[in-house]
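Visitor: next one to model:
(chains A and B)
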Protein chains: 2
Amino acid sequence: MNSSGDENAACDAENSALAGTDIATICSNQKDAFFEEKDAYGGIIVNSRRPEHERILCEELPDIVNASVAKWIEKGIKGVWFKIFLEHTAWIPVLVDNGFVFHHAKSNYAMLVRWLPLELRMGIPNFAHTYIGVGAIVTDGDGHILAVRDKVSFKKRFWKLPGGYVDPVKLVGFADESLSEAAEREVLEETGITAKFETIVAFRHYQHGPFDTADIYFICVLRPLNKIIQKCEVEIEECKWMKVRIDEFMQHPAVSETNRFFIECYLNEKKVGSIGQRTKVIQQWGTLQDLYSVTPPGKTELLT
Amino acid sequence: MNSSGDENAACDAENSALAGTDIATICSNQKDAFFEEKDAYGGIIVNSRRPEHERILCEELPDIVNASVAKWIEKGIKGVWFKIFLEHTAWIPVLVDNGFVFHHAKSNYAMLVRWLPLELRMGIPNFAHTYIGVGAIVTDGDGHILAVRDKVSFKKRFWKLPGGYVDPVKLVGFADESLSEAAEREVLEETGITAKFETIVAFRHYQHGPFDTADIYFICVLRPLNKIIQKCEVEIEECKWMKVRIDEFMQHPAVSETNRFFIECYLNEKKVGSIGQRTKVIQQWGTLQDLYSVTPPGKTELLT
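Guide: I've put the predicted structure just below:
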């Protein structure tokens, strides 16, 4: 890990500037300077949308950036962030000229960063780089699973588990879906089946995902509440309850080895009676986290 | 999932333009036009670094963008991507004026996107939004685990498992670390202990991570090859082999409930003999994926 990053990073996130929480305002009124806010690691954040920045003319920017960087270096500041919204993207070339690089972007802003100490390894973690997907094993209790064939994928001839991406933040202040919410939503969207999350049996870590990212694909087991299929006309070419064994899913030439692996895991784990558990735990600071394990932690039976 | 996204996305990734693979060049020599490449879904990618773009003057850009968008709409193109490198960031305000927004950014480029059909829901998945971390349960076979206290975190008084983020792509063409590589590297960096990955016992999904991202933290079990601690002076305040029971880790006031949960899982799973498995599977297109499950898939013992 790099120096400002933190091994148990999620624990620290919302208390840090990295979480977008501005810890302290350290400069607001100085002429020809940015309105700065301080992050939890002693770095500086400049937000292009601060009303204090409206008066800044584009031609003044290079001088202000230059002077500010000189001041920050003198003060021993290490990390400097600029959060540039769409309407201020003219700032970006100026920042790039001054040694800033992109850190990440979301639809309405780009975050640029410059690590000032030349002698110190950059202490800023890279941005999130993993897509999270869910696949759903929906069983009808009678030897069938719900299987779909895509309309648009290059693998459209393949029969596979319904599923999709976990949705990221939709609205400010709303968090990502949980894995179970994503699995339930995808099954409903694609197949019209309302199904309830029960457990996770396996996952895949794939390190060659889109845009040079990674991809983790969690296999969830869901219990259906109805069995009449109404497939999504946009995404799904075909959808049916498919027999798991021999003549169908497990032996089908158009089922990937990975999908077969997941079904085998499910059947085997069910057989040996060992299946994942989910526990919800409130963190010290009041936010919820989902904890998944093979067995419940079993507090009363700790090994001695 | 949205329409161009794909439920089993990782499977499709490297075959799509989303993976940065340009499927077909569809325009290269036209005057006053961009060098375009086509993605797997019929969209257009414009890369600012194409040598064909060197002749474009900044003042010509608005007209070229305008004319190109009109042409793409006429052709029925849906998604248009601009990959803008640091040295061409002057393009960005022009694109934003033309309705483009950010999709994601990496240190040396920003990817902008515009979905052209007004009548169709945007069929482009959001960017990866999950940090992946690993925590390591390193046991000495004598009732102790390796525990650390951070130097820089706001939780620096807490004793916890060594660990950290999985590193994203380091060099072009090199993939992210695997979970096991990350766990082994973090333990070595932080504590000086060389330890070998054995299994994963649990994970946490946390939906309130840095920069409005999520965070998944996998708990790995590692077997140490040496026991002499040489802690990292930059990151680690204190590091020791700590007794798991009563007087130490599990009862320590400065151990989080989450960390205790993970240790309880480990002890319980070990007791009931059920612990995670890892299998490496080569995908159809030759890249490796790691598959994790509670039990091995047990092909020969499938339920009938």
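Visitor: per-residue confidence for A:C220?
Guide: For A:C220, the pLDDT comes out at 89.
Visitor: how much space separates A:A182 from chain B?
Guide: Taking C-beta to the nearest C-beta, to the nearest Å as the measure, A:A182 falls 10 Å from chain B. Every residue, glycine included, has its C-beta placed from N, CA and C.
Visitor: wait, A:W115
Guide: A:W115 is 11 Å from chain B, by C-beta to the nearest C-beta.
Visitor: same check on A:E87?
Guide: Counting by C-beta to the nearest C-beta, the gap from A:E87 to chain B is 8 Å.
Visitor: could you look up the SS state of that residue?
Guide: Here A:E87 is helix, with the state taken from DSSP: H, G, I helix; E, B strand; the rest coil.
Visitor: check contacts around it.
Guide: A:S48, B:V96 (C-beta atoms under 8 Å, 6 or more residues apart in numbering or on different chains).
Visitor: could you redo the last one with a cut-off of 10 Å?
Guide: A:E87 makes contact with A:S48, A:R49, A:N108, A:Y109, B:P93, B:V96, B:D97, according to C-beta atoms under 10 Å, 6 or more residues apart in numbering or on different chains.
Visitor: so what's the third one closest to, chain neighbours aside?
Guide: Right, A:N108. Distances taken as C-beta to C-beta, 6 or more residues apart in numbering or on different chains put A:L86 closest to A:N108, at 5.4 Å, once the chain neighbours are dropped.
Visitor: pretty sure that neighbour sits against B:N98.
Guide: No. Counting by C-beta atoms under 10 Å, A:L86 does not reach B:N98; the two are 11.5 Å apart.
Visitor: which neighbours do the two have in common?
Guide: B:L112.
Visitor: give me the residues contacting the helix or strand encompassing A:V65.
Guide: Using DSSP states H and E, A:V65 sits in helix A:61-75. Contact with helix A:61-75 is made by A:26-27, A:30, A:32-34, A:36, A:42-44, A:46, A:53, A:56-57, A:77-80, A:82, A:88, A:90-91, A:93-95, A:97-100, A:114, A:116-118, as judged by C-beta under 10 Å, 6+ apart.
Visitor: give me the low-pLDDT residue ranges for the stretch 201-304 of chain A?
Guide: For the stretch 201-304 of chain A, applying pLDDT under 70 flags the ranges A:246-247, A:272-288, A:294-304.
Visitor: again, 50 this time
Guide: A:299-304 (pLDDT under 50).
Visitor: re the thing from before, near the residue nearest to A:N108, how many other residues are there?
Guide: 19 (other C-beta atoms under 10 Å in any protein chain shown).
Visitor: residues contacting it?
Guide: With contact set as C-beta under 10 Å, 6+ apart, A:L86 has these partners: A:48, A:107-110, B:92-93, B:95-97, B:100-102, B:112.
Visitor: now with 8 Å?
Guide: Per C-beta under 8 Å, 6+ apart, neighbours of A:L86: A:N108, A:Y109, B:V96, B:V101, B:F102.
Visitor: hang on, the earlier thing: list the buried ones in the helix holding A:V65?
Guide: Neighbour-count burial for helix A:61-75, with 16 or more other C-beta atoms under 10 Å in any protein chain shown as criterion, is recorded at A:L61, A:I64, A:V65, A:S68, A:V69, A:W72.
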